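Undergrad: 3D, please:
(6 chains)
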Number of protein chains: 4
Amino acid sequence: MRLGEDERRAQIVAATLAVVARYGYTNTSTTLIAVEAGVSKGLLWHYFADKTELMKQSVIVATTGISAELANEIDVTAPPPDIIRGAIRWIAAWSVEHREELRAMDQITRGLREKNGNPAFSLADYEPTYRDQEALFRRGQELGYFRPFDTRVMAVTYQGAIDMMLSYADSHPETEVEQYAEALIDIVLAAVRA
Amino acid sequence: MRLGEDERRAQIVAATLAVVARYGYTNTSTTLIAVEAGVSKGLLWHYFADKTELMKQSVIVATTGISAELANEIDVTAPPPDIIRGAIRWIAAWSVEHREELRAMDQITRGLREKNGNPAFSLADYEPTYRDQEALFRRGQELGYFRPFDTRVMAVTYQGAIDMMLSYADSHPETEVEQYAEALIDIVLAAVRA
Amino acid sequence: MRLGEDERRAQIVAATLAVVARYGYTNTSTTLIAVEAGVSKGLLWHYFADKTELMKQSVIVATTGISAELANEIDVTAPPPDIIRGAIRWIAAWSVEHREELRAMDQITRGLREKNGNPAFSLADYEPTYRDQEALFRRGQELGYFRPFDTRVMAVTYQGAIDMMLSYADSHPETEVEQYAEALIDIVLAAVRA
Amino acid sequence: MRLGEDERRAQIVAATLAVVARYGYTNTSTTLIAVEAGVSKGLLWHYFADKTELMKQSVIVATTGISAELANEIDVTAPPPDIIRGAIRWIAAWSVEHREELRAMDQITRGLREKNGNPAFSLADYEPTYRDQEALFRRGQELGYFRPFDTRVMAVTYQGAIDMMLSYADSHPETEVEQYAEALIDIVLAAVRA
DNA sequence: CATGAATGAGCGTTCATTCAT
DNA sequence: AATGAATGAACGCTCATTCAT
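TA: Residues are numbered from 1 along each chain as shown, chains lettered A, B, ... in the order given. The predicted structure is shown next:
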């Protein structure tokens, strides 16, 4: 069957994310991806230079989508505590629908290496996110909502707390994510509150 | 050379951790491990059923060691806030000396899969740790040091905050870990304080 | 663009020779040939049954061209020793300008195999050349220029001597081909002279 | 079945030469070699670093053997014309028994490339042979057996004439090699005779 | 108990060839 | 006639695992 270039790329990227989510980064072979996508192995190299390139593209496609979605939901002029409440709730809800995608991205970002063996991604790639969150915390401090604290360490911890929520919900399927989110909101706000 | 079973196992496990730390999880072959341990390739399979089993055992040995070390340092009868302070400081200091070992364990726990593709480790393996920490938080609440909060979510978040500190320090080498630790202590205590 | 069948074949054959000369026989892919010819990959198979066929045709086209050029230069009524002198000098001069083409043809003729593994070319394909040269030697003998000798062995040796000159000049770039040619003429004429 | 290291290497080298002789250099895959040797594919990498290394070793093993055999046969104190007679006769006889080996060596030396694409062997590797033969021709000139001529061009031509004899006999199976050898001796001696 | 030669499945990748458009 | 997306067989090579010694 013949498809347009964009559909094929999307299809292969989706298959990549699915396979990584299901079998883990180290067990993901191009054979498995091709089977999942329902195409021949050879076709992968028609669209992607090599496996690393395919993995990178997959992460980029996924993260771009999520960021855009979240940005859409947030009212940046709201009081900072409300923004935190809203963001945690939205992510918790969103994660229920995108468990696989999350798992895949986690695996790839942690596992992918450059040719020289260095990680292709690292926490350094969170930098823009950290900066946004630091700005949020600083605004909260300036407006008197938040007490003084190290905004960088808070941003790292905050982001980690959200990632842990998603991981914990993933490995403990009985978890009520909405309840977890409320408990986490309580903890985060207690930590920052003036 | 003939050794007792336990010495052999320990020797091989140590070699595994060393190789993973040095070359990374994905570049760790059993051949490399055998060379590092100074034994023949075949001998590995006398002591471990397969590579996955070997990796699992290595992680367990390493984490058990760390836990024991930490437990040694902590005075469980001290006031809970002091325990938290002490623990975070000790881990921060310890991590500086054991960066490679940490990286190895991180890579194995995140990358290792069973034959069927399921993760060999998950947050479920943190269960004993979570329980210990919940006990600590509950004691703090009972003694009036801490406000009421969801102790399970707090334990997960707390453990995550510490892991993030280690990861962040690893990927941002300019970080002053001691300062980071103090800032984190401030945040954690603010979150729990009555 | 639509072209007549013959133009297309010629265009593709020329591209094949160019690619083999530039990248070497083993690195020559049909994709590369198609790009060089400026046509699509698929079009190749309208005009040539398979890669082997394409290569064969290319060699034949090239050798036919060279033979025609040489035949043009030779005065077949001249005394045989003069013909030999002229031919060796002409080939030596010609080779300087066509090093790449020579290399390509050498590589194809030696490397190309039929599906069953048999060489696609062999010295048997020199047969017409050998016959022409035997005729020349026989004429030289009849006219009293040349002593009696085995004309077939002489033809094979003579052709080999010329090929060696080209190969030697190719692998020893400091060689003065004109001087080599004169020394070779001296040797050949000594071998045949009455 | 278990073999000593040297037997295995020899067996694999022999298989390599056989496969190259039969299917040609470019069609020689490691799979084919392993099948021919009757061992598993993986075993090849136990004994040879890569395919190129295996090919190189095979050529070296083969040429070393031949040179030693020939050197054994030649009386270097004999008159130069007798040496030439003896050598051509010996090689002609020897070639009948070693047709396959010859074909393989020819293919490998012409086809093998370094990683960078340059030929791994070239006529430059004939240099020691050329020097030996130049010495022989010079001795013949000094002793008055031979007329003056360019000894380098003569050596190249002489070596080429012998190679052509072997190739011609290979591609024209009806050839009587002994007769060819006598005719060639006649030609060579005519070319050098004082 | 211990070795390391030997196996074989699987890897990422290439590429001649086919075929829907 | 012409395209290039798609296929699939084969490639060189790696490596966990087995087993004769």
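
Undergrad: Give the buried residues for the helix or strand bottoming out on mean pLDDT in chain A.
TA: The helix or strand of chain A with the poorest confidence is helix A:99-111; it has a mean of 87 (mean pLDDT, DSSP states H and E). Using 16 or more other C-beta atoms under 10 Å in any protein chain shown as the burial criterion, the residues of helix A:99-111 that qualify are A:101-111. Every C-beta, even on glycine, is put in place using the N, C-alpha and C of the backbone.

Undergrad: now that helix against helix B:99-111, angle please.
TA: 150 degrees (axes from the mean of the first three to the mean of the last three C-alpha atoms, to 10 degrees).

Undergrad: Longest helix of chain A, counting residues only.
TA: Longest helix in chain A, counting residues (DSSP state H): helix A:51-73.

Undergrad: So is the least confident helix or strand of chain A next to chain B?
TA: Yes: against chain B, helix A:99-111 shows contacts by C-beta under 8 Å from any C-beta of the partner chain at A:107, A:110-111.

Undergrad: In terms of secondary structure, what does the next helix or strand after the longest helix of chain A contact?
TA: The helix or strand immediately downstream of helix A:51-73 is helix A:80-97, counting by DSSP states H and E. Helices and strands touching helix A:80-97, by 3 or more C-beta pairs under 8 Å, 6 or more residues apart in numbering or on different chains; DSSP states H and E, are helix A:51-73, helix A:127-142, helix A:151-171, helix A:177-192.

Undergrad: Nearest to residue C:194, out of those helices?
TA: Minimum separation from residue C:194 across these (C-beta to C-beta) falls at helix A:51-73, 72.1 Å.

Undergrad: Distance-wise, check the nearest residue to residue A:167 once chain neighbours are set aside relative to DNA strand E.
TA: Excluding the flanking residues, the one nearest residue A:167 by C-beta to C-beta, 6 or more residues apart in numbering or on different chains is residue B:123, at 5.7 Å. Applying C-beta to the nearest atom of the strand, to the nearest Å, the value for residue B:123 to DNA strand E is 27 Å.

Undergrad: How many neighbouring residues does residue A:2 have?
TA: Residue A:2: 5 surrounding residues under other C-beta atoms under 10 Å in any protein chain shown.

Undergrad: likewise the one 3 residues further on?
TA: Counted with other C-beta under 10 Å, the burial measure for residue A:5 works out to 9 neighbours.

Undergrad: now residue A:170: how far from residue B:72?
TA: Separation of residue A:170 from residue B:72 (C-beta to C-beta, to the nearest Å) stands at 33 Å.

Undergrad: Give me the more crowded residue out of the two.
TA: Between residue A:170 and residue B:72, counting by other C-beta under 10 Å, residue A:170 is the more crowded of the two (18 against 8).

Undergrad: Settle this for me: the more buried one is touching residue A:104, isn't it.
TA: No: using C-beta atoms under 8 Å, residue A:170 is not in contact with residue A:104; the gap is 11.7 Å.

Undergrad: Of the residues of helix A:99-111 next to chain B, which is the nearest to chain D?
TA: Using C-beta to the nearest C-beta, residue A:111 is the member of the residues of helix A:99-111 next to chain B that lies nearest chain D, at 26.2 Å.

Undergrad: Run through the residues that contact the nearest residue to the closest one once chain neighbours are set aside.
TA: Nearest residue to residue A:111, sequence neighbours excluded (C-beta to C-beta, 6+ apart): residue A:25, at 3.6 Å. Residue A:25 sits next to A:107-108, A:110-112, B:111 when contact means C-beta atoms under 8 Å, 6 or more residues apart in numbering or on different chains.

Undergrad: try it again with 7 Å
TA: A:107-108, A:111, B:111 (C-beta atoms under 7 Å, 6 or more residues apart in numbering or on different chains).

Undergrad: burial of residue A:127, as a residue count?
TA: By the measure other C-beta under 10 Å, the count of residues near residue A:127 is 11.

Undergrad: quick one on the thing from earlier: three-state assignment of the residue nearest to residue A:111?
TA: With DSSP: H, G, I helix; E, B strand; the rest coil as the basis, residue A:25 sits in coil.

Undergrad: I figured residue A:149 hits residue B:184, correct?
TA: No: Residue A:149 lies out of contact with residue B:184 (C-beta atoms under 7 Å); the separation is 10.0 Å.

Undergrad: Pick out whichever of these two has more residues nearby.
TA: Neighbours were counted for residue A:149 and for residue B:184 using other C-beta under 10 Å; residue B:184 has more, 25 against 18.

Undergrad: wait, does stretch A:2-17 make contact with DNA strand E?
TA: Yes: contact of stretch A:2-17 with DNA strand E (C-beta under 7 Å from any atom of the strand) involves residue A:2.

Undergrad: residues of that stretch that come out buried?
TA: In terms of neighbour count (16+ other C-beta under 10 Å), stretch A:2-17 has its buried residues at A:8-9, A:11-17.

Undergrad: Run through who's touching it.
TA: Contact with stretch A:2-17 is made by A:33, A:36-37, A:44, A:47, A:54-55, A:57-58, A:61-62, A:100-101, A:104, as judged by C-beta under 7 Å, 6+ apart.

Undergrad: And these, which is closest to residue D:86?
TA: Of the contacts of stretch A:2-17, the one sitting nearest to residue D:86 (C-beta to C-beta) turns out to be residue A:44, at 62.1 Å.

Undergrad: Against which helices or strands is the one helix or strand the closest one maps to packed?
TA: Assigned by DSSP H and E, residue A:44 belongs to helix A:44-47. Here helix A:44-47 touches helix A:5-23, helix A:30-37, going by 3 or more C-beta pairs under 7 Å, 6 or more residues apart in numbering or on different chains; DSSP states H and E.
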